[in-house]
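Colleague: Got a sequence here, can you model it:
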Amino acid sequence: MPALDLAYVRRQFPAFAEPTLQGQAFFENAGGSYACAPVIERLGEYYRRLKVQPYYRYPASAEAGAWMDASYTRLAAYLGVSADELHFGPSTSQNSYVLAQAFRKRLQAGDEIIVTQQDHEANSGVWRRLAADGLVIREWTVDPDSGALDPARLDALLGPRTRLLAFPHCSNLVAEINPVAAICARAKAAGVLTVVDGVAAAPHGLPDVAALGADIYLFSTYKTFGPHLGLMVVRRPLLDWLGNEGHEFNAAQPRKRLLPAGPDHAQIAAAQGIADYFDGLDAHHGGGDPADRPQRVRELLHAAEQPLLARLLDYLGTRRDLRLLGPADAALRAATVAVQPLRQSPAELAAALARHGIMAGAGNFYAVRLLRALGIDPEVGALRLSFVHYTSAAELDQLIAALDTGLQPDFQA
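Modeller: Okay, the predicted model is just below:
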């Protein structure tokens with residue numbers, strides 16, 4: 001596999017040529033990545049000449065609809081599913097809320113839903129609220145030291161009334177990659193449906209959802225170099241079983257069943273720019289059989305991130321003034337690294353890093369339950385440093401230098 005051509009990659013992201021961002025190293029990608037040029041160009045072109053109601057017979061309308069259809073088809077290929085299993089919504093939080101309402105109507109009082117302490121609240125709170133409708137919520141707890149989910153604990157939670165298991169591909173804080181395929185297989189053997197939150201994992205390579213075995217897979221396109229949308233895969237025939245949450249007269253249209261509001265035509269049309277970018281990235285690095293392109297792109301992104309992740313984790317391992325959340329082995333986690341400063345607040349450290357051109361976040365990152373399980377006050381939270389394949393070694397150098405300066409000198413290792 002060829003090494004990632006970082007110069008080529010960064011030319012595909014206009015942010016790196018933006019004068020106001022020069023000298024700034026972006027380490028809050030888990031909150032939203034830079035958008036790639038094909039997405040920005042498609043969005044602009046759509047607003048210039050295709051901003052009409054789609055799917056009518058006149059040329060601009062027909063082309064607008066064709067652009068939207070292409071986003072479903074092309075992204076489905078990267079996810080290993082069919083186009084009619086993809087559903088765009090305003091955000092992953094809103095998508096999961098609609099899903100919960102759909103399940104509420106299909107489940108019976110006394111049925112059980114398993115949730116975790118590791119999830120972002122989007123894939124936790126919506127299910128927990130169903131307790132008010134008589135559903136039983138069972139919690140898969142994390143290890144209080146590592147934040148990890150032990151698959152062995154799952155067996156004790158699965159029972160004859162268990163209907164649904166909601167869990168993350170990886171946490172947006174501890175970032176340990178969960179064995180999704182094995183967990184989904186175990187759930188399926190017990191007759192349990194799975195809802196996997198992939199928001200923190202998808203920026204590091206769109207997954208083969210079919211291979212994972214998830215019944216529902218959620219992620220956000222604004223964290224995968226695209227427009228501000230949530231995207232969910234709902235496998236057939238589960239979609240048919242869930243019924244219609246949209247307008248009654250649209251029930252026969254699969255794409256509209258889980259979208260109570262109207263679709264954002266322009267952003268859906270522009271989302272195929274993510275596929276444009278990945279297609280171009282693959283071609284630039286040698287290409288090959290189009291059927292294997294999704295896997296080649298995954299491997300390319302992973303290979304670019306791992307050395308930087310390993311180096312950052314090695315550096316953090318030398319410090320006595322920071323608590324690393326999650327595994328110290330780069331092979332076990334995504335390139336999202338959260339730390340708890342021991343002698344200053346995360347907000348203070350984030351402000352110090354900002355003075356050295358480091359864009360990073362501090363807070364609870366909607367993982368309040370996980371922070372509490374780890375013994376961390378959610379009001380204080382953690383500092384999060386997250387990057388993707390377009391991050392450079394020079395930016396990592398800048399981050400490490402800023403940490404050396406930004407951590408309170410009296411407590412440096």
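
Colleague: Tell me which residues touch the residue nearest to residue 393 when sequence neighbours are not counted, please.
Modeller: Nearest in space to residue 393, with sequence neighbours left out and distances taken as C-beta to C-beta, 6 or more residues apart in numbering, is residue 308 at 6.6 Å. C-beta: built from backbone N, CA, C; applies to glycine. Contacts for residue 308 (C-beta atoms under 8 Å, 6 or more residues apart in numbering) come out as 335, 387, 391, 393, 396.

Colleague: Need the residues you listed in CSV (columns: distance to residue 226).
Modeller: Shown next, in CSV, are those (distance: C-beta to C-beta, whole Å):
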residue, distance to residue 226
335, 18
387, 18
391, 18
393, 26
396, 25
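
Colleague: pLDDT at the residue nearest to residue 393, what is it?
Modeller: The model reports residue 308 with a pLDDT of 98.

Colleague: and it, helix, strand or coil?
Modeller: helix (DSSP: H, G, I helix; E, B strand; the rest coil).

Colleague: Please report how far it lies from residue 99.
Modeller: Applying C-beta to C-beta, to the nearest Å, the value for residue 308 to residue 99 is 35 Å.

Colleague: How about residue 299?
Modeller: 31 Å.

Colleague: Could you do residue 188 as well?
Modeller: In terms of C-beta to C-beta, residue 188 sits 18 Å off from residue 99.

Colleague: now residue 401
Modeller: Residue 401 is 44 Å from residue 99, where distance means C-beta to C-beta.

Colleague: hang on, the earlier thing: what subset of the contacts of residue 308 is buried?
Modeller: Buried by 16 or more other C-beta atoms under 10 Å: 335, 387, 391, 396, out of these.

Colleague: And the helices in the stretch 51-200 of the chain?
Modeller: 59-79, 92-106, 125-128, 154-157, 180-189 (DSSP state H, counting those that start in this stretch).

Colleague: Which residue ranges of this structure form strands?
Modeller: Assigned strands in the chain, in chain order: 25-26, 86-89, 112-116, 136-140, 162-168, 193-197, 216-220, 230-234, 322-325, 336-341, 358-359, 361-363, 382-386 (criterion: DSSP state E).

Colleague: I'd like the contacts of residue 308 as TSV, with distance to residue 177 and pLDDT appended.
Modeller: Below are the contacts of residue 308 laid out as TSV (distance: C-beta to C-beta, whole Å; pLDDT from 0 to 100):
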residue	distance to residue 177	pLDDT
335	11	98
387	16	98
391	19	98
393	23	98
396	21	98
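
Colleague: Tell me the one of those nearest residue 19?
Modeller: Nearest to residue 19 out of those is residue 391 (C-beta to C-beta; 19.9 Å).

Colleague: just for the stretch 101-250 of the chain, where's the confidence low?
Modeller: Across the stretch 101-250 of the chain, not a single residue meets the criterion (pLDDT under 70).

Colleague: okay, residue 401 and residue 99: which has more neighbours?
Modeller: Between residue 401 and residue 99, counting by other C-beta atoms under 10 Å, residue 99 is the more crowded of the two (25 against 13).

Colleague: so the more buried one touches residue 216, yeah?
Modeller: Yes: in this structure residue 99 lies within contact range of residue 216 using C-beta atoms under 8 Å: 6.7 Å.

Colleague: what touches both of these two?
Modeller: 195, 232, 234.

Colleague: where do the helices sit along the stretch 301-413 of the chain?
Modeller: Counting by DSSP H, counting those that start in this stretch, the helices of the stretch 301-413 of the chain are 346-354, 368-373, 393-406.

Colleague: closest one to residue 59 among the ones you listed?
Modeller: Nearest of those to residue 59, taken as C-beta to C-beta: helix 393-406 at 44.9 Å.

Colleague: Report the distance from the closest one to the chain centre.
Modeller: Distance of helix 393-406 from its chain centroid, counting by C-alpha atoms, centre = their mean, to the nearest Å, is 25 Å.

Colleague: Then stretch 124-144?
Modeller: Chain-centre distance of stretch 124-144: 21 Å, with C-alpha atoms, centre = their mean.

Colleague: That stretch: which residues count as buried?
Modeller: 124-128, 130, 135-136, 140, 142.

Colleague: do the same with stretch 299-316
Modeller: 300-302, 304-305, 308-309, 312-313, 316.

Colleague: Report the rounded mean pLDDT for stretch 271-291.
Modeller: 97.

Colleague: Outside of that stretch itself, list whatever touches it.
Modeller: 2, 4-5, 8-9, 12, 36-43, 67, 70-71, 74-75, 77-78, 88, 206, 221, 224-227, 229, 231, 293-294, 296-297, 300.

Colleague: Can you say which of the residues you listed are buried?
Modeller: 4, 9, 12, 36-40, 42-43, 67, 70-71, 74-75, 77-78, 88, 206, 221, 224-227, 229, 231, 293-294, 296-297, 300.

Colleague: Include distance to residue 270 when you put the buried residues of stretch 124-144 into a markdown table, please.
Modeller: Output for the buried residues of stretch 124-144, formatted as a markdown table (distance: C-beta to C-beta, whole Å):
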| residue | distance to residue 270 |
| --- | --- |
| 124 | 30 |
| 125 | 30 |
| 126 | 27 |
| 127 | 31 |
| 128 | 34 |
| 130 | 34 |
| 135 | 38 |
| 136 | 42 |
| 140 | 37 |
| 142 | 37 |
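
Colleague: Would you confirm that residue 56 contacts residue 63?
Modeller: No: the pair residue 56 / residue 63 is not scored as a contact, 10.6 Å apart, by C-beta under 8 Å.

Colleague: So those two - more neighbours on which side?
Modeller: Per other C-beta under 10 Å, whichever of residue 56 and residue 63 has more neighbours is residue 63, with 16 against 12.

Colleague: so what's the residue nearest to that one when sequence neighbours are not counted up against?
Modeller: Computed as C-beta to C-beta, 6+ apart, the closest residue to residue 63 that is not its neighbour in sequence is residue 50, at 5.9 Å. Counting by C-beta under 8 Å, 6+ apart, residue 50 touches 60, 63-64, 67, 266, 269.

Colleague: 10 Å instead, please
Modeller: Residue 50 is in contact with 42, 59-68, 265-266, 269, counting by C-beta atoms under 10 Å, 6 or more residues apart in numbering.

Colleague: Buried subset of the residues you listed, written for PyMOL?
Modeller: Selecting the buried subset of the contacts of residue 50 in PyMOL, with 16+ other C-beta under 10 Å as the burial test, is done by:
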select buried, resi 42+63+64+65+67+68+265+266+269
